[in-house]
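Q: Sequence and computational prediction follow.
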Number of protein chains: 2
Amino acid sequence: MNYISLSKNDLNKEKDKMLKKYEELKKLNLKLNMARGKPSPEQVNLSRAALDAVNSKTNFITKDGSDCLNYGVLDGLLELKEIFTPVLGVNKEQIFVGGNSSLSMMFDVISFFMTSGVCGSEPWIKQGQIKFLCPCPGYDRHFAILKHFNIKAIPIIMTNTGPDMDTIERLVTNDKSIKGIWCVPKYSNPQGITYSDETVKRFARLKPAAKDFRIFWDNAYAIHDLTETPEKLLNIMTECEKNNSKDLPIIFCSTSKITFPGAGVAFLGASENNIKEIKKMYSVKTIGFDKINQLRHARYFKKYEGLINHMNKHRAILKPKFDIVVNTLKNEFVENKIISFTEPKGGYFVSVDVMDGCAKRVVDLCKKVGLVLTEAGATFPNGIDNNDSNIRIAPSYPSVEELKTAMSVFCVCVKLAVLEKILEN
Amino acid sequence: MNYISLSKNDLNKEKDKMLKKYEELKKLNLKLNMARGKPSPEQVNLSRAALDAVNSKTNFITKDGSDCLNYGVLDGLLELKEIFTPVLGVNKEQIFVGGNSSLSMMFDVISFFMTSGVCGSEPWIKQGQIKFLCPCPGYDRHFAILKHFNIKAIPIIMTNTGPDMDTIERLVTNDKSIKGIWCVPKYSNPQGITYSDETVKRFARLKPAAKDFRIFWDNAYAIHDLTETPEKLLNIMTECEKNNSKDLPIIFCSTSKITFPGAGVAFLGASENNIKEIKKMYSVKTIGFDKINQLRHARYFKKYEGLINHMNKHRAILKPKFDIVVNTLKNEFVENKIISFTEPKGGYFVSVDVMDGCAKRVVDLCKKVGLVLTEAGATFPNGIDNNDSNIRIAPSYPSVEELKTAMSVFCVCVKLAVLEKILEN
C-alpha cells in the first residue's frame, strides 16, 4: 500500500487499523531492549572457554620473558600484538595494547591532545574553539566525547562509499581549527557502510591545514562480518605510507564484541611518532594495563586464524537476526515508500530512515509498548537529527523470537507515526 | 666507628678498606633490582587461587542481577564495594570501582578537573598557574602527574606525625591557586609514616581559599601492615562529615599489592557530590570497567575478613625482609652517624637519609655493581632533592638471600660515598 497516494479517507482507515494493532501490542506487556549494540548471552557464551585459558596453574611468563603477574610492559604483550596485527593493519611496533575499552583509549588520546598537544603542537585546549568532523549518522559516544571537551562537531554527510570526501578535503585543507575526524570505516555505525578504496586513498592524501590534525579511525567492526564474502577495507596505514602521511591515522579496535563486552582488550595502532607520544603520556597515567587478561586472550586465540574461527561462530548467531530485521522491513514496507534502510554485510546495526519528522514519534511509540530503541537523534552530534528521520536498530541482543516480536512492533509504530504525520499536514 | 671524628689518615684507611670491598662486589656480577615497590613472585603466588574464583562454568550474575559478561554497571559491583567499604572508610554509595590501576584513576580525576573543573568550577587549566602541595619525600608517580599537567609542585616537609600542617593550613587558606595535595596517609611512601589523629583532624578542618581544592588521599597501604598491631589511621571521611567538609577528600586504593600488580582492581571513595561528578565524567570515557575481574576478586575474598586473612600471608613474607633491611642498617651504622632511616610498621619502603650530598653517589655506586635502587631525588618533585640525601629502599621484590647481599652492597656504597664526601671537604 502506497501511503503517499492514498485518499484522506483511506489514510484514516489505515490509521484506525494500526491504532487497533497498537492497542493489542500494549496488552503484551513487552520488555524488549534494542538500544545498544550489545552481544547476546549466546554470543558471549562462545567465549566462556577463554576464561579457562589461564588459571592458577598457568605459566604467566610471556614469550619475551615478561611476567604477567607483576608490574610492567606498558604497551602490552607481544603475543597479542602478533595476533591482532592483521586486524589493525599495522606492524607490531605500531601497536599499543590497552585495557578493556577502546572508547576509553579514544577519550584518553583526545584528553592528552587537549592538555598536552599533538607531537609538540600547542595543546588543543589553548587553541580556542577547535572542531571535529563527524560523518553522520554516526556513533553517539564519539559525539559525547566532543561535547565533554567542548569541541565543535561539524556534521558530514555519509554516502554509500563513505563520508563526503569533497567537503572533508575542502574543510580540512582550509581550516586550521579542524583537528580531527571520527571514522568507523568498516560496517559503519549505524549504516554498515564500508569506505571505498577511493575514500581511504583520499583520507591518506589529506593535506590538513592543522599539523595537529588526526584521523580517529575506529575500526570497531574490522572482523565482524555477516557474510562469507567480507567487504574489504583498504589498509589506511599502507596508503598513508605511500603519501608520507603516516602520522594522520590513529586506529582503534577492541575485543568487546569478540570476547567479553567491557572485559576484553583494546588496541591502538599508529605511526611510530604517534605511538611514542601516546606511550609517553600513558607512562604518566599508569604502570601498565591488565596483562593477565591480555595473556588470557592470547592463549585462547593462539593466532589470527583462531580469532577468525571465533568470529565465524558470532556470524552464525548474528546473521539470522539481521535477516529478520531486513526481511521484515522489506515485507512490511514493500510499496508504501515511507522508509529506507541499509542491508549491512557486517557490524552491529541496521540504519533506518523514516519519513522526515517521524523518528522521535516512532521511538516514543515503541517505548510506550515496551520496546526500547536507541533515542532518535542519537546518531547525530548533540542528539540533533535535523530531519528527525534516522533510527538505529540493534538486532544483536534479543533472541530470535523476541526480535520477531520487536520488529512487528517497530513496523506498526512506523506506520502509525507516518500516518499521523501525513494526516496532520 | 664514628666517621665524623676520625682523622684524615684514618678516614683514608677506611676508604681504602671500603674500596677493596667494593672491588670484590664488582666481581660478583650482581643483578639486583630494588627500584620499585614490587611484590615478590612468592607474594603474587598467594593470589593464584583467585584466578580460579571464576571460570567458564561460573554464574556471572551479581547479587543485584547484573551480568558481568556484558556491558554496564559503570561504578562497579556491589559485592566488591561491600568488601572494600572498611578499607576506604566510606559507605558503599561513596565508592566507585574502577579498572586495574588507582594511579590511572588519580590521573583521570586530575585530567577531568583540568579540562572540566571541579563540581562546577572553572576548569583548572583555565585558571593560570595552579599548584599542588607535595609532602616530601613522597611518591614519584604523583609528582610525575603534576609535571605532565604543568601543575606547580610545592614541597611540604614531612614530620613523624604527617606533613607539616602549619604550613599547609597557611598556604591553603591564603592561596586560591593551590588546588590539591597528595597524601599517602598510612605507611607513607617512602617513610612509612602514618598520619596522626590530629593531622587527619586538621585536614578535615581545612578551609581552602579555593573552592575547587581537593585532598588526594592515596591510601595505597591501608591494610598493608607489617605487625600484628597495625597503626590506625583516623577515618578522614568521618572527620570531614563532622566539619561539613565532605567534598574535600578523594580517597584511592587498589589491590595491586593485595592480589596482582597491574591486574587487580582500583577503588575511589568520595562524597556523593564528588562521586556524581566523577561518574558523569567516566560515563563519557567508558561504558564500564572490567566486571569479570571485579567478580573474580569479590568471589575470592568473599568478605572483608577474607581480605585481611590474605594480607596476613603477605605480612609473613614481607616482615623478614623489612627486618633484614632495618637490622642491617642498625648493625652497620651503629656508631658512625652518617645515616638515619625509618622503621616502618607497614607499607613497601624504608626511607634512608644519608649525609647531605651523598645520595646520588650512593645510588650510582650501587648501580655500577649491579644493584639498581630508586633514582636519588625521585622522592621529590621534579626529581630534585635539594639535600641530595634521601634514598628509597624497596625490600619486597628480592629473595631473602638476594636482599642480604643487596644490603651489604648498599652499606659499602653508603660508607664509600660518605668517606669520599668527608675527604673532599
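A: That came through fine. Here the structure is a predicted model, which is why all the values come from computation and not from measurement.

Q: contacts and neighbour counts: CA atoms only from here.
A: Fine.

Q: interface residues of the stretch 201-350 of chain A facing chain B?
A: The stretch 201-350 of chain A has residues A:260-264, A:281, A:284-293 near chain B, with proximity defined as Cα under 8 Å from any Cα of the partner chain.

Q: From chain B, how far out is A:Ser396?
A: Distance of A:Ser396 to chain B, given as Cα to the nearest Cα, to the nearest Å: 12 Å.

Q: Run through the residues that contact that residue.
A: Counting by Cα atoms under 8 Å, 6 or more residues apart in numbering or on different chains, A:Ser396 touches A:34, A:37-40, A:318, A:321-322, A:348.

Q: Please narrow the residues of the stretch 201-350 of chain A next to chain B to those residing in helices.
A: Taking DSSP state H as the definition of helices, those contribute A:281, A:284-285, A:291-293.

Q: which among these gets closest to B:Phe380?
A: A:Val284 (15.8 Å; Cα to Cα).

Q: so what's A:Ile393 up against?
A: A:34-35, A:190, A:349-352, A:373-374.

Q: so A:Val352 touches A:Ser340, yeah?
A: Yes: judged on Cα atoms under 8 Å, A:Val352 makes contact with A:Ser340 at a distance of 5.9 Å.

Q: Counting neighbours, go ahead and name the busier of the two.
A: A:Val352 (21 against 15; other Cα atoms under 10 Å in any protein chain shown).

Q: For A:Glu169, give me the pLDDT.
A: According to the per-residue confidence, A:Glu169 scores 98 in pLDDT.

Q: element containing it, please.
A: helix A:165-174 (DSSP states H and E).

Q: C-alpha coordinates for that helix, PDB please?
A: Extracted C-alpha coordinates of helix A:165-174, given in PDB (Å, rounded to 0.1, in the frame of the first residue of the first chain):
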ATOM      1  CA  MET A 165      35.200  13.500   0.800                       C
ATOM      2  CA  ASP A 166      34.800  16.700  -1.300                       C
ATOM      3  CA  THR A 167      33.600  18.500   1.800                       C
ATOM      4  CA  ILE A 168      36.100  16.900   4.100                       C
ATOM      5  CA  GLU A 169      39.000  17.900   1.800                       C
ATOM      6  CA  ARG A 170      37.800  21.400   1.400                       C
ATOM      7  CA  LEU A 171      37.300  21.900   5.200                       C
ATOM      8  CA  VAL A 172      40.400  20.200   6.400                       C
ATOM      9  CA  THR A 173      42.700  21.900   3.900                       C
ATOM     10  CA  ASN A 174      41.400  25.400   4.800                       C
END
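
Q: what helices or strands is it leaning on?
A: On a contact count with 3 or more Cα pairs under 8 Å, 6 or more residues apart in numbering or on different chains; DSSP states H and E, helix A:165-174 meets helix A:197-204.

Q: So which residues make contact with the helix it packs on?
A: Outside helix A:197-204, the residues that touch it by Cα under 8 Å, 6+ apart are A:161-163, A:165, A:233-237, A:239-240, A:243, A:245, A:248.

Q: coming back round to it: pick the one among the ones in helices among the residues of the stretch 201-350 of chain A next to chain B closest to A:Pro395.
A: Distance to A:Pro395 across these (Cα to Cα) is lowest for A:Asn293, with 28.4 Å.

Q: From what I see, that closest one and A:Gly264 are in contact.
A: Yes: the criterion here is Cα under 8 Å, and A:Asn293 meets it with A:Gly264 at 7.4 Å.

Q: rewinding a little: redo the ones in helices among the residues of the stretch 201-350 of chain A next to chain B as JSON lines? Include distance to B:Phe84 and neighbour count.
A: Below are these laid out as JSON lines (distance: Cα to Cα, whole Å; neighbours: other Cα atoms under 10 Å in any protein chain shown):
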{"residue": "A:Met281", "distance to B:Phe84": "30", "neighbour count": "18"}
{"residue": "A:Val284", "distance to B:Phe84": "26", "neighbour count": "19"}
{"residue": "A:Lys285", "distance to B:Phe84": "23", "neighbour count": "24"}
{"residue": "A:Lys291", "distance to B:Phe84": "23", "neighbour count": "32"}
{"residue": "A:Ile292", "distance to B:Phe84": "22", "neighbour count": "22"}
{"residue": "A:Asn293", "distance to B:Phe84": "23", "neighbour count": "23"}
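
Q: Nearest to B:Lys13 among these?
A: Of all these, B:Lys13 sits closest to A:Val284, with 46.1 Å by Cα to Cα.

Q: Now do the contacts for the closest one.
A: A:Val284 makes contacts with B:141, B:144-145, B:148, as judged by Cα under 8 Å, 6+ apart.

Q: Make CSV from the residues you listed and add neighbour count to it.
A: Listed next are the contacts of A:Val284 as CSV, based on neighbours: other Cα atoms under 10 Å in any protein chain shown:
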residue, neighbour count
B:Arg141, 19
B:Ala144, 21
B:Ile145, 21
B:His148, 17
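
Q: so of those residues, which ones are in helices?
A: Among the contacts of A:Val284, the members falling in helices (DSSP H) are B:141, B:144-145, B:148.

Q: The longest helix along chain A packs against which elements?
A: Ordering each helix of chain A by length in residues (DSSP H) puts helix A:304-332 first. The contact analysis (3+ Cα pairs under 8 Å, 6+ apart) places helix A:304-332 against helix A:41-45, helix A:78-88, strand A:350-354, helix A:400-424.

Q: Show me the one of the ones you listed that comes nearest A:Lys276.
A: The nearest among the helices and strands packed on helix A:304-332, by Cα to Cα, is helix A:78-88 at 16.2 Å.

Q: re the thing from before, can I get the ones in helices among the contacts of A:Val284 in JSON lines with distance to B:Thr62 and pLDDT?
A: Converted to JSON lines, these look like this (distance: Cα to Cα, whole Å; pLDDT from 0 to 100):
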{"residue": "B:Arg141", "distance to B:Thr62": "35", "pLDDT": "97"}
{"residue": "B:Ala144", "distance to B:Thr62": "38", "pLDDT": "98"}
{"residue": "B:Ile145", "distance to B:Thr62": "35", "pLDDT": "98"}
{"residue": "B:His148", "distance to B:Thr62": "39", "pLDDT": "98"}
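
Q: Identify the residues contacting the lowest-mean-pLDDT helix or strand in chain A?
A: Lowest on mean pLDDT, DSSP states H and E among the helices and strands of chain A sits strand A:32-34, with a mean of 92. The contact list for strand A:32-34 (Cα under 8 Å, 6+ apart) reads A:370-374, A:393-398, A:402, A:406.

Q: For B:Glu277, state which of these is nearest.
A: The closest of the contacts of strand A:32-34 to B:Glu277 turns out to be A:Thr374 (Cα to Cα; 24.7 Å).

Q: quick one: average pLDDT of stretch A:293-300?
A: Stretch A:293-300 comes out at a mean pLDDT of 98.

Q: which residues make contact with that stretch from outside it?
A: Against stretch A:293-300 from outside (Cα under 8 Å, 6+ apart): A:49-51, A:53-54, A:60, A:62, A:68, A:76-77, A:79-80, A:83, A:264-265, B:263.
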